[in-house]
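In: structure, please.
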Amino acid sequence: MPTQIDLELSPEAAHDEAAIKRAAAMKAGVAPESVTAAQVLRRSLDARKREIKIRLRVDLYVGEHPSAPVGPKFDYRNVRDARRAIIVGAGPAGLFAALRMIELGVKPIILERGKDVRARRRDLAVLNREHIVDPDSNYCFGEGGAGTYSDGKLYTRSDKRGNIRRVLDILVEHGATTDILVEAHPHIGTNKLPAIIERIRETILNSGGEIHFDTRVRDFIVESNRMTGVIDANDAKWEGEAVVLATGHSARDIFQLLHNKKIAIEAKPFSLGVRIEHPQELIDRIQYKCDIRSEFLPPANYSLVEQVNDRGVYSFCMCPGGIIAPCATSQEEIVVNGWSPSRRNNPFANSGTVVAIELEDMRQFHSAGALMGVRYQQYVEKAAWVAGGKTQVAPAQRMVDFFEGKLSNDLPKSSYQPGLHSATLKDVLPKHVHSRLRLALPAFGRKMRGYYTNDAVLVATESRTSSPVRIPRDHETLQHTEIEGLYPSGEGAGYAGGIVSAAMDGERIAEALAKKFH
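Out: This next block holds a predicted model:
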């Protein structure tokens, strides 16, 4: 049996298999030559002190060898003739709900308003180059959901909501590297996710499930408080014994449809602010306390939080070596998000930096009821569009200029492909967002020396941090509290925040649904 050992090594030693074996042998008190293997189970980076360490958890083998790794086996059954459930949305909640349904003997029929993962690329290119937003095919909508082309971060704290390791194992089975099983903050990368999503699609189709692209839902089929199907934009009916709503945080037409049909939804708090971009070299120098980052260290990241006037201001979805992307879902709005390729080798680091928005902050939109958060987002996104010149060129301001209320004479180079326009962001952001963000930035600079600089640029607007709506569901059955057969799921329903938590929620929905079927 192996002995589990925890190690702290230099970055260079942590990349050297022989050095890991020697260190593990020394800690275990055995001769190095007797060690036959040191298998890394967990890896994390500790940069809190000047001497950076890599923390490893390893299984140490003496006089024996680890057995060949055997991944978990997932029993994807033939469900061609099984009972049917409709899934609206092919993001992580929808796809993982479908995979779990197949294991449990239910046939999933996925309806996705956008295009398949490869065809989406052409629409993203047009958006970046020509500033034309396809409302059904963009960074938010299409196969794989918003996470496919905005980074593929897999870190989550939602370990009580489901089996994180199971989700990661499924991703590995479909082509992700086994590194995601080891890293403390796993990340796949936008350049690698599409192929994984395609393989998940193949599993669903080969098992008898269905996926229909360019199929936007325009109505629900509800009889006697029971949902039995949906109607698409071409008036085709799709019927099943249940409907899983996994549409993501930006499906405003679905929120409006629920509201119009008097199906209960609730406004919920979210956060809103900007994307802040620094040179990656600067973040590396700050975090690693060195002039040049070692080849054995990844591009540095950061996490910052400050309480300002009873509201949290915090960094969100930090993308080392990343790119800021235009994530609008309709033409007359500007929304930005960030992503990184698997190597995180771009010259910029960006992070959403946002202020918590409570329901009381949306007073001017209270007449919209449950949709007040949607209206609040739209108001700010439209203001950014106007300030940027009514294109996808984004309004931006250097960091110190933002604090001092100055229009930036020029703007630094940026990864944001549509381009930046110098603007006073005080005219774009709501007063209670601007004022708190303004006070937080110097405080962040005191925590992270060098962060507060005019070499950084603020880009508006980061507004899709989470859904502004929650679709209420029963804690036991996971069905809507009023409509039988309706299963709200994932980020759009207000029950997840990221790829892994959305995937786990989709699995929970599938299990609840299958239990009711049987």
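In: shaky segments in this structure?
Out: Applying pLDDT under 70 to the chain picks out residues 69-70, 150-152, 155-161.
In: for the lengthiest helix in it, name the packing helices and strands.
Out: Identified as the longest helix of the chain according to DSSP state H is helix 499-517. Other elements packing on helix 499-517 under the criterion 3 or more CB pairs under 8 Å, 6 or more residues apart in numbering; DSSP states H and E are helix 92-103, helix 164-173, strand 243-245, strand 486-488. Glycine gets a C-beta too; all of them are placed from N, C-alpha and C.
In: and residue 53, backbone torsions?
Out: Note on residue 53: backbone dihedrals following degrees, to the nearest 10 are phi -120, psi 150.
In: what's the burial count for the closest residue in space to residue 493 that isn't next to it in sequence?
Out: Distance criterion CB to CB, 6 or more residues apart in numbering; nearest residue to residue 493, sequence neighbours excluded, is residue 471 at 4.3 Å. Neighbour count for residue 471, taken as other CB atoms under 10 Å: 27.
In: thinking again about what came up before, next, the angle helix 164-173 makes with the longest helix of the chain.
Out: Here the directions of helix 499-517 and helix 164-173 differ by 100 degrees (axes from the mean of the first three to the mean of the last three CA atoms, to 10 degrees).
In: related to what we said a few turns ago, hmm, the residue nearest to residue 493 is touching residue 258, no?
Out: Yes - taking CB atoms under 8 Å as the definition, residue 471 is a contact partner of residue 258 at 6.8 Å.
In: intersection of neighbour lists for these two?
Out: 264, 265 (CB atoms under 8 Å, 6 or more residues apart in numbering).
In: tell me which residues touch residue 54, please.
Out: Per CB under 8 Å, 6+ apart, neighbours of residue 54: 8, 9, 10, 11, 13, 14, 43, 44, 45, 46.
In: tell me who's in contact with residue 290.
Out: Listed by CB under 8 Å, 6+ apart, the contact set of residue 290 reads residue 284.
In: that one and residue 496: what is the separation?
Out: 37 Å (CB to CB, to the nearest Å).
In: do the same with residue 14
Out: Where residue 496 is concerned, residue 14 sits at a distance of 33 Å (CB to CB).
In: more neighbours: which of those two?
Out: residue 496 (29 against 21).
In: my guess is the more buried one contacts residue 93. True?
Out: Yes - Residue 496 is within contact range of residue 93, at 6.6 Å (criterion: CB under 8 Å).
In: joint contacts of these two?
Out: With contacts taken as CB under 8 Å, 6+ apart, the residues that reach both residue 496 and residue 93 are 489, 490, 502, 505.
In: and which of the residues you listed is nearest to residue 374?
Out: residue 490 (17.1 Å; CB to CB).
In: ok, residue 345 - contacts?
Out: Residue 345 touches 299, 321, counting by CB under 8 Å, 6+ apart.
In: just checking, it is part of a helix?
Out: No - Residue 345 is assigned coil when assessed by DSSP: H, G, I helix; E, B strand; the rest coil, not a helix.
In: how much space between it and residue 278?
Out: In this view, residue 345 and residue 278 are 16 Å apart by CB to CB.
In: residue 307 now?
Out: Residue 307 is 23 Å from residue 278, where distance means CB to CB.
In: which of those two has more neighbours?
Out: The neighbour comparison of residue 307 against residue 278 (other CB under 10 Å) goes to residue 278, with 22 against 13.
In: element containing the more buried one, please.
Out: In this assignment (DSSP states H and E), residue 278 forms part of strand 270-279.
In: quick check: buried residues in the longest helix of the chain?
Out: Buried residues in helix 499-517, defined by neighbour count with 16 or more other CB atoms under 10 Å: 499-514, 517.
In: how many neighbours does the closest residue to residue 451 other than its chain neighbours have?
Out: Nearest residue to residue 451, sequence neighbours excluded (CB to CB, 6+ apart): residue 445, at 4.9 Å. Using other CB under 10 Å, residue 445 has 19 neighbouring residues.
In: now name the helix or strand holding residue 445.
Out: Applying DSSP H and E as the criterion places residue 445 in helix 431-447.
In: that helix to strand 270-279, inter-axis angle?
Out: 40 degrees.
In: what does helix 431-447 contact?
Out: In contact with helix 431-447 (CB under 8 Å, 6+ apart) are residues 272-274, 304, 306, 308-309, 311, 313, 315, 353, 355, 357, 361, 380, 399, 402-403, 425-426, 429, 451-453.
In: give me the buried subset of the residues you listed.
Out: With burial judged by 16+ other CB under 10 Å, the buried subset of these is 272-274, 304, 306, 308, 311, 313, 315, 353, 355, 357, 361, 380, 399, 402-403, 425, 429, 451-452.
In: among those, name the ones in strands.
Out: Within the buried ones among the contacts of helix 431-447, residues falling in strands by DSSP state E are 272, 273, 274, 306, 308, 311, 313, 315, 353, 355, 357.
In: can you put those in a markdown table and add distance to residue 210?
Out: Output for those, formatted as a markdown table (distance: CB to CB, whole Å):
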| residue | distance to residue 210 |
| --- | --- |
| 272 | 37 |
| 273 | 40 |
| 274 | 41 |
| 306 | 48 |
| 308 | 49 |
| 311 | 45 |
| 313 | 45 |
| 315 | 40 |
| 353 | 41 |
| 355 | 42 |
| 357 | 38 |
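In: closest one of these to residue 21?
Out: Nearest member of these to residue 21, counting by CB to CB, is residue 315, at 37.6 Å.
In: thanks a lot, see you next time.
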